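S.K.: Return atomic coordinates for the entry below.
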Amino acid sequence: MMYDPALTLIEFSSIAAGIQAADAMVKRAPIDVIQAGTVHPGKYLVLVGGLTADVEESLAAGREVGRDAILDFVYLPQVHPSVVTALRGGRSPEPAEALGVLETSSVAAAIRAADAGVKGAQVELVEVRLADGLGGKGIVLYSGVVADVEIAVALGVESLQGPDALIRQVVIPQLHEEMWDNLSQATRFSARVTA
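M.R.: Here you go, the predicted model:
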């Protein structure tokens with residue numbers, strides 16, 4: 001997936017409704033990227049990227065068709081390039097002065113928080129993990145100097161819509177080197193114990 005000026009993601013509670021909405025989204029407007037599929041626990045995600053007006057039209061179609069099955073959505077007309085990199089699995093696990101962690105109740109909320117944090121503070125996205133292996137939740141890990149990580153976490157929390165979107169937020173100054181080593185390898189426990 002290339003850097004796109006706009007990105008949207010819709011999170012559906014129904015797989016059937018998600019597939020139907022994704023079809024309507026790609027039929028409504030020409031888009032550069034569509035990624036769609038199931039995640040735990042039985043949700044369907046549709047991610048679309050492309051020109052701003054086209055992504056906006058695509059989002060409108062998805063919301064019309066799948067309206068009663070939408071759990072959450074995010075629309076970023078000027079998505080930060082590091083968010084796109086993180087969504088493709090890119091990581092920035094280098095040790096830093098502080099680590100910030102945002103745990104969200106939805107995938108869309110995590111993407112929204114990741115974008116807000118990196119746009120508003122001098123931080124790196126260590127990782128953005130979505131849904132699978134998290135019971136449908138999302139996590140965002142920021143790294144940098146303490147003050148910037150605190151700002152990124154605050155901006156990420158501020159970007160969330162509704163009181164149920166945030167599960168927990170923490171800023172950890174001087175994360176122990178063994179924890180940095182763990183996080184630099186993977187955040188999934190199974191990846192750590194089978195390596």
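S.K.: Residue 98 pairs with what?
M.R.: When bridges are called by DSSP bridges, residue 98 pairs up with residue 144, residue 173.
S.K.: any idea of the pLDDT on it?
M.R.: Reported pLDDT at residue 98 in the predicted model: 97.
S.K.: Kindly report the same for residue 161.
M.R.: Model confidence at residue 161 (pLDDT) stands at 86.
S.K.: helix, strand or coil for it?
M.R.: Classification of residue 161 using DSSP: H, G, I helix; E, B strand; the rest coil returns coil.
S.K.: can you pull out the helices in the protein?
M.R.: Counting by DSSP state H, one finds helices in the chain at the ranges 15-28, 52-66, 81-87, 107-120, 146-159, 177-185, 189-193.
S.K.: Determine which of these approaches residue 136 most closely.
M.R.: Nearest to residue 136, of all those, is helix 107-120, at 7.4 Å by C-beta to C-beta. C-beta: built from backbone N, CA, C; applies to glycine.
S.K.: got the domain boundaries for this protein?
M.R.: 6-76, 81-193 (automatic domain parsing).
S.K.: could those domains be laid out in CSV, adding mean neighbour count?
M.R.: Below are the domains of the chain laid out as CSV (neighbours: other C-beta atoms under 10 Å):
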stretch, mean neighbour count
domain 6-76, 19
domain 81-193, 19
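S.K.: Among the ones you listed, show the one with the smallest mean pLDDT.
M.R.: Taking the mean pLDDT of the domains of the chain, domain 81-193 comes last: a mean of 93.
S.K.: Not counting residues beside it along the chain, what's closest to residue 76?
M.R.: Using C-beta to C-beta, 6 or more residues apart in numbering and skipping the chain neighbours, the partner closest in space to residue 76 is residue 7 (4.9 Å).
S.K.: can you pull up the bridge partners for that neighbour?
M.R.: residue 49, residue 76.
S.K.: contacting residues for residue 62?
M.R.: When contacts are counted by C-beta atoms under 8 Å, 6 or more residues apart in numbering, residue 62 touches 8, 10, 21, 22, 24, 25, 46, 48, 73.
S.K.: and what of residue 129?
M.R.: Per C-beta under 8 Å, 6+ apart, neighbours of residue 129: 110, 138, 139, 187.
S.K.: rerun that using 6 Å as the cut-off
M.R.: The contact partners of residue 129, by C-beta atoms under 6 Å, 6 or more residues apart in numbering, come to 139, 187.
S.K.: do the same with residue 119
M.R.: residue 80.
S.K.: Quick check: it vs residue 71, distance?
M.R.: 24 Å (C-beta to C-beta, to the nearest Å).
S.K.: Against residue 117, how distant is the spatially most central residue of the chain?
M.R.: With distances taken as C-alpha atoms, centre = their mean, residue 111 lies nearest the centre of the chain, 2.6 Å away. Residue 111 sits 11 Å away from residue 117, going by C-beta to C-beta.
S.K.: Residue 165: which of the helices of the chain is closest?
M.R.: Here helix 107-120 is closest among the helices of the chain (C-beta to C-beta), at 4.3 Å.
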